[in-house]
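> quick one: sequence plus predicted model below, questions after.
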Amino acid sequence: HGTAQIGQNHHLWIGGTDTVELAKKYGTPLYLYDVALIKNRARGFKKAFEEKGVGYQVAYASKAFSSIAIFQLIEQEGLSLDVVSGGELFTALQAEFPAERIHFHGNNKSPEELEFALSAGVGCIVVDNFFEISLLKTLSSKLNKKVNILIRLTPGIEAHTHDYIITGQEDSKFGFDLSNGQADKALKEVLDFEHFHVLGVHCHIGSQIFETEGFTLAIEKLFGHFKKWEENYNYFPNVVNLGGGFGIQYTSEDTPLAPEQYVTAMIEEVSRQMHRFEGKELPELWIEPGRSLVGDAGTTIYSIGSQKEIEGVRHYVSVDGGMTDNIRPALYQAKYEAYVANKMNEKPCQTVSIAGKCCESGDMLIWDIELPKLTDNDYLAVSCTGAYGYSMASNYNRIQRPAVVFVENGEEQLVVKRETYEDLIKNDLPLKSNVFV
Ligand code: LLP
């Protein structure tokens, strides 16, 4: 992936830096991000829109990996940002991300979060439900703020990897359903409110998607509904946000398209649908990639520790991290590939299973992988850990979250420090004397 290559010293190099040297310098586990790959993806998405002359925004879905440095990088690349909590919004503002390019998502934004977003002047709020509409009416009146709105719609299409399901009756906690009149009711409620400017609609059909059909079907459904909106409310959206979900290749089993191919298919389908709307201009198309911007740009380097061989059954090799820095194998049975970062020239000679260090049998990173012989001087590199790794990391077993280093063209920079023992107890308060005795 990206700039990863094998150096003359048989080490894994990324971004022109020796991952083994970085592991020694910063300790393990260590998340490395290939900055060139992130830039390349960001530019690829933008170019796909620009080549077709379509108005667009590419918003990085920051839930995939949020930190001040990644937000700065995304800002430099001219992307927008999708945040889903006060915490992500706060981090973005700390990174001096322009508020007008921030989109605020979520199915249960609190009054405090909405007020924070309004005061900060975010570019738009993606309204998800009737409770939120009424909260936002109260708050925008109270603060006397005008707010841009996207209405989150649930088109009744769920896509994941190769499969998509068309669900007649929606069953999702997100958004307004198209099929049962909720979407129409929502539109009516927001259209004429003086503090709202209804930019358009949003939908997100799933994640780690390998085909374009799910997206084109969703577009077909949405635009079918826009026809009704045009007739009944004389409304046509200026913005259609089609969400994220573009797949990446974790292992050779995964066969995603190039990011640009998803965009091109979307533009083509939207253009086709526009024939039904005479005299109307193509709406702006927005997307929200998370995984496809940062997923395969991330690699985690671990140190090898204990090994346990059960003759004829399994050979466990433990690393110094696990479900605390990558919960995806335990949570979703996600599959990963791994390399011995300091022995890239050695051929695989054994089948091992990579275990984490948490007190839980389910804390396994990889089952049955072919690797060279391993000792406790070796470093394991697990690729494609850039999305939903650090952002879903925990302190289970009071394990500190790892450090994050960005690399590019032989330059390295520590962008998130490793947590310390002190960090682990910083919110703990001792018992007062004479209480609970
Ligand atoms: N937009 C919305 C509204 C979303 O809900 C999501 C992801 C995205 C964009 C970005 O999707 P992406 O391009 O990253 O697929 N923790 C799971 C993934 C959860 C995705 C949640 N929503 C995982 O590790 O696979």
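Perfect, I can see it now.
> so the helix or strand hosting residue 45, near the ligand or not?
Applying DSSP states H and E as the criterion places residue 45 in helix 35-51. No: judged by C-beta under 6 Å from any ligand atom, helix 35-51 stays clear of the ligand, getting no closer than 10.9 Å. C-beta here means a position set from N, CA and C on the backbone, and glycine is covered the same way.
> and the contacts of that helix?
1-3, 15, 55-56, 58, 60, 70, 73-74, 77-79, 258-260, 263-264, 267, 285, 287, 289, 292-294, 296-297, 406-409 (C-beta atoms under 8 Å, 6 or more residues apart in numbering).
> next step: these restricted to helices.
Judged by DSSP state H, these include 70, 73, 74, 259, 260, 263, 264, 267, 292, 293, 294 as members of helices.
> name the residues of the helix or strand containing residue 331 that are buried.
Following DSSP H and E, the helix or strand that holds residue 331 is helix 328-332. In terms of neighbour count (16 or more other C-beta atoms under 10 Å), helix 328-332 has its buried residues at 328, 329, 330.
> that helix - what's its average pLDDT?
Per-residue pLDDT over helix 328-332 has a mean of 96.
> let me know the pLDDT of the residue of the stretch 101-250 of the chain found nearest the ligand.
Closest residue of the stretch 101-250 of the chain to the ligand, C-beta to the nearest ligand atom: residue 244 (2.8 Å). Note on residue 244: pLDDT of 97.
> repeat that for the one 3 residues further on.
Residue 247 is assigned 97 on the pLDDT scale.
> which among the buried residues of helix 328-332 gets closest to residue 9?
residue 329 (30.0 Å; C-beta to C-beta).
> setting aside sequence neighbours, what's the nearest residue to that closest one?
Distance criterion C-beta to C-beta, 6 or more residues apart in numbering; nearest residue to residue 329, sequence neighbours excluded, is residue 365 at 5.5 Å.
> packing partners of the helix or strand harbouring residue 369?
According to DSSP H and E, residue 369 maps onto strand 364-371. Applying 3 or more C-beta pairs under 8 Å, 6 or more residues apart in numbering; DSSP states H and E, one finds that strand 364-371 contacts helix 328-332, strand 338-340, strand 350-355.
> the helix holding residue 331 close to the ligand?
Yes: shown here: helix 328-332 in contact with the ligand (C-beta under 6 Å from any ligand atom) through 328, 332.
> nearest residue to residue 23 in space, please, no chain neighbours.
Once flanking residues are discounted, residue 23 sits nearest to residue 301: 4.5 Å by C-beta to C-beta, 6+ apart.
> what's the local residue count around that neighbour?
Residue 301 is flanked by 31 other residues according to other C-beta atoms under 10 Å.
> before we move on, the earlier item: possible to save the helices and strands packed on strand 364-371 as JSON lines with distance to residue 423?
Putting the helices and strands packed on strand 364-371 into JSON lines (distance: least, C-beta to C-beta, whole Å) gives the following:
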{"stretch": "helix 328-332", "distance to residue 423": "23"}
{"stretch": "strand 338-340", "distance to residue 423": "28"}
{"stretch": "strand 350-355", "distance to residue 423": "25"}
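> who wins for proximity to residue 383 among these?
The nearest among these, by C-beta to C-beta, is strand 338-340 at 7.1 Å.
> strand partners (parallel or antiparallel) of that closest one?
Here strand 338-340 is paired, per DSSP bridges, with strand 379-383 (antiparallel).
> what lies in contact with the strand it pairs with?
1, 4, 12, 19-20, 23, 28, 250, 296, 299-304, 317, 319, 326, 336-342, 354, 365-366, 374.
> what comes up buried for the longest strand anywhere in the chain?
Taking DSSP state E as the criterion, the chain has its longest strand at strand 298-310. Residues of strand 298-310 classed as buried: 298, 299, 300, 301, 302, 303, 304 (neighbour count, 16+ other C-beta under 10 Å).
> how about the CA coordinates for stretch 176-196, as PDB?
Extracted in PDB, the C-alpha atoms of stretch 176-196 (Å, rounded to 0.1, in the frame of the first residue of the first chain):
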ATOM      1  CA  PHE A 176     -36.000  10.200   8.200                       C
ATOM      2  CA  ASP A 177     -37.500   7.300   6.300                       C
ATOM      3  CA  LEU A 178     -38.600   7.900   2.700                       C
ATOM      4  CA  SER A 179     -41.300   5.300   2.600                       C
ATOM      5  CA  ASN A 180     -43.500   6.300   5.500                       C
ATOM      6  CA  GLY A 181     -43.900  10.000   5.100                       C
ATOM      7  CA  GLN A 182     -41.300  11.000   7.800                       C
ATOM      8  CA  ALA A 183     -39.100  12.600   5.200                       C
ATOM      9  CA  ASP A 184     -41.900  14.800   3.800                       C
ATOM     10  CA  LYS A 185     -43.000  15.800   7.300                       C
ATOM     11  CA  ALA A 186     -39.400  16.800   8.100                       C
ATOM     12  CA  LEU A 187     -39.000  18.800   4.900                       C
ATOM     13  CA  LYS A 188     -42.300  20.700   5.800                       C
ATOM     14  CA  GLU A 189     -41.000  21.400   9.300                       C
ATOM     15  CA  VAL A 190     -37.700  22.900   8.200                       C
ATOM     16  CA  LEU A 191     -38.500  24.600   4.900                       C
ATOM     17  CA  ASP A 192     -40.300  27.700   6.200                       C
ATOM     18  CA  PHE A 193     -38.400  28.300   9.400                       C
ATOM     19  CA  GLU A 194     -36.800  31.700   9.400                       C
ATOM     20  CA  HIS A 195     -33.500  30.600  10.900                       C
ATOM     21  CA  PHE A 196     -33.000  27.600   8.600                       C
END
